[in-house]
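Enquirer: From the sequence below, what's the structure:
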Amino acid sequence: MSRNQGITQAPRVLVVTTVASTLEAFLLPFARALRKQGAQVDALAADTLSATGLESEFDQRFEIGWSRSARCLLHFRRLTSELRALVTRESYDVVWVHTPIAAFVTRAALRKRDGGLRQGARDGVAAPLSQPRIVYTAHGFHFYRGGRPWFEQRLYRLMERRALAWTDVLVVMNDEDELVAQQWFARAARRRARCQLARIDGIGIDRVAWAPVTLDSARRAELRQRFRIPIGSFVVTMIAEMNANKRHELLIEAFALLRRRGSLTWLRLLLIGEGPREDELRALVEARGLSETVVFAGQLSPVELRELLALTNVGMLVSEREGLPRSLMELCAAGIPLAGTHTRGIVDEVADEHALTSKPTAAALADLIEKLAKNPTLRSELAQAQQARLRERYDLDRILTQYLELLLGEF
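Expert: Okay, the predicted model is just below:
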């Protein structure tokens with residue numbers, strides 16, 4: 001039975017993100033699963049109509065003029081008006097929001113609740129409709145320990161706490177965010193806040209699709225030549241967009257330090273991805289004399305990426321901020337041990353202090369890489385434990401089941 005009284009048709013779900021790339025990268029399996037259950041699933045982002053590949057994934061696509069920058073909140077009144085009009089016109093039962101700016105504007109637009117019913121139209125017929133259920137998945141709060149200037153931290157914290165009162169379900173995906181949310185909810189309980197807290201571990205990984213591949217000798221030799229990886233190299237791979245948050249420069253400086261130490265030979269750093277800082281990072285590599293050591297692999301197809309991972313010894317991520325990184329899940333599913341900085345989200349997936357740096361410095365990373373390179377037993381133990389954790393907590397089928405129950409459980 002629908003939350004909308006008197007409505008027996010399939011539930012209508014609106015998936016909201018700031019930009020379409022979030023839909024493409026993370027949310028298509030969920031849209032497919034929801035539609036398979038009979039739901040109508042629409043999408044709203046800044047660029048859904050221009051994004052290729054979404055035409056068949058959603059029943060309808062809508063665009064709105066916001067961005068990832070908090071400056072778009074200068075157009076707050078127009079954005080909330082447009083969004084409220086869309087939700088009213090389409091009579092959604094569930095609005096599932098992602099990313100902080102889109103989530104704040106959406107929840108603010110739908111915040112007026114008087115306990116009564118509003119009139120909406122469905123299939124041309126007027127019907128009494130209740131407010132849609134608002135589910136917000138936080139892919140890592142944009143305030144966190146040790147990051148961002150204090151005024152940005154304060155802005156995002158205020159936004160999230162204020163919007164809690166306009167949310168039916170808040171979904172968190174890592175230990176640090178869950179602890180913060182529990183503290184909020186403990187205080188909010190005195191005010192009888194209606195929001196519920198749920199813990200779902202990320203957006204899942206298809207373990208079959210990312211299982212280790214076996215390369216024949218000819219293909220292995222071809223990849224080694226293309227990506228300049230000599231036989232016997234110790235290969236560290238990082239999969240990440242080249243932006244400031246990912247802190248690629250830390251790994252580059254760590255490799256420069258390892259080269260000066262001379263304790264390891266035939267090191268290779270594979271940087272997979274593209275982004276606005278690529279030219280700057282290439283210049284840093286040149287300045288450190290690492291042009292033969294650091295390989296910029298670019299954006300690879302899933303097939304190419306899986307093949308290249310067969311040559312990888314350790315997967316790393318050194319970001320300043322994460323929610324629950326999908327790239328580490330892909331590496332883990334491919335049988336690769338994970339390591340990185342002591343960063344929210346990364347800590348949850350690495351889950352072993354032997355593979356985490358105490359400080360986000362090049363020296364600490366160099367020490368960690370050297371330790372892992374010289375200890376194959378430790379790498380094997382890490383990979384086994386992390387894969388067991390992946391099966392238990394991050395498997396896509398498990399995550400899909402949890403979200404289907406959360407989003408459609410009342411219908």
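
Enquirer: Sketch out the low-pLDDT regions of the stretch 101-250 of the chain for me.
Expert: Within the stretch 101-250 of the chain, the set of residues satisfying pLDDT under 70 comprises 112-130, 144-150, 188-193.

Enquirer: 80 - rerun?
Expert: Applying pLDDT under 80 to the predicted model, the residue ranges of the stretch 101-250 of the chain that meet it are 112-130, 142-153, 186-194.

Enquirer: now the helices for it?
Expert: In the stretch 101-250 of the chain, the helices defined using DSSP state H, counting those that start in this stretch lie at 150-163, 175-188, 217-226, 248-261.

Enquirer: Check whether L14 sits in a helix, strand or coil.
Expert: Three-state call for L14 (DSSP: H, G, I helix; E, B strand; the rest coil): strand.

Enquirer: Run through the bridge partners of it.
Expert: According to DSSP bridges, the partner residues bridging L14 are D42, V95.

Enquirer: between the helices of the stretch 101-250 of the chain, which one is nearest to R111?
Expert: Go through those one by one with C-beta to C-beta and the one that ends up closest to R111 is helix 150-163, at 8.1 Å. Every C-beta, even on glycine, is put in place using the N, C-alpha and C of the backbone.

Enquirer: quick one, the closest one and helix 175-188 angle?
Expert: Regarding helix 150-163 and helix 175-188, their directions subtend 50 degrees when assessed with axes from the mean of the first three to the mean of the last three C-alpha atoms, to 10 degrees.

Enquirer: what helices or strands is helix 150-163 leaning on?
Expert: Taking 3 or more C-beta pairs under 8 Å, 6 or more residues apart in numbering; DSSP states H and E as contact, the helices and strands that helix 150-163 lies on are helix 100-109.

Enquirer: by how many degrees do the helix it packs on and helix 150-163 diverge?
Expert: Between the axis of helix 100-109 and that of helix 150-163 there is an angle of 40 degrees, by the same axes, to 10 degrees.

Enquirer: and the direction of helix 100-109 versus that of strand 12-16, what angle?
Expert: In this structure, helix 100-109 runs at an angle of 140 degrees to strand 12-16, with the same axes, to 10 degrees as the basis.

Enquirer: which residues sit in contact with the residue lying closest to H248 once chain neighbours are set aside?
Expert: Once flanking residues are discounted, H248 sits nearest to L281: 5.3 Å by C-beta to C-beta, 6 or more residues apart in numbering. For L281, the contact set (C-beta atoms under 8 Å, 6 or more residues apart in numbering) comprises 242, 248-249, 252, 271, 296.

Enquirer: Now the two most distant members of these.
Expert: Greatest spacing in those, by C-beta to C-beta: E249 and F296 (13.6 Å).

Enquirer: quick one: F296 is in a strand?
Expert: Yes: according to three-state DSSP, the state of F296 is that of a strand.

Enquirer: Check the burial of it by counting its neighbours.
Expert: Other residues within reach of F296, judged by other C-beta atoms under 10 Å, total 18.

Enquirer: Which residues are in contact with the residue nearest to it when sequence neighbours are not counted?
Expert: When the adjacent residues along the chain are set aside, F296 lies closest to L271, with 5.4 Å between them (C-beta to C-beta, 6+ apart). Applying C-beta under 8 Å, 6+ apart, one finds that L271 lies in contact with 238, 240, 242, 248, 251, 281, 294-297.

Enquirer: about what we covered before: deepest in the core, which of the helices of the stretch 101-250 of the chain is it.
Expert: Burial among the helices of the stretch 101-250 of the chain, expressed as mean neighbours by mean count of other C-beta atoms under 10 Å, is greatest for helix 248-261, which shows a mean of 20.

Enquirer: Following element in sequence after that helix, please.
Expert: The element immediately downstream of helix 248-261 (helix or strand, assigned by DSSP states H and E) is strand 267-272.

Enquirer: of the contacts of L271, closest to F26?
Expert: Comparing those against F26 with C-beta to C-beta picks out A240 as the nearest, at 14.7 Å.

Enquirer: Next, count neighbours for that closest one.
Expert: Counted with other C-beta under 10 Å, residues neighbouring A240 total 22.

Enquirer: need the contact list for it.
Expert: Going by C-beta under 8 Å, 6+ apart, A240 touches 246, 248, 271-273, 317, 319, 327.

Enquirer: Please repeat the previous calculation with a cut-off of 7 Å.
Expert: Under the criterion of C-beta atoms under 7 Å, 6 or more residues apart in numbering, the neighbours of A240 are 246, 273, 317, 319, 327.

Enquirer: Make CSV out of the residues you listed and add distance to I64 and neighbour count.
Expert: Listed next are the contacts of A240 as CSV, based on distance: C-beta to C-beta, whole Å; neighbours: other C-beta atoms under 10 Å:
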residue, distance to I64, neighbour count
K246, 27, 26
G273, 27, 19
L317, 31, 25
S319, 28, 25
S327, 28, 23
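
Enquirer: Of these, which belong to strands?
Expert: Among the contacts of A240, the residues falling in strands (DSSP state E) are L317.

Enquirer: Out of the contacts of A240, which comes closest to R32?
Expert: S327 (21.8 Å).
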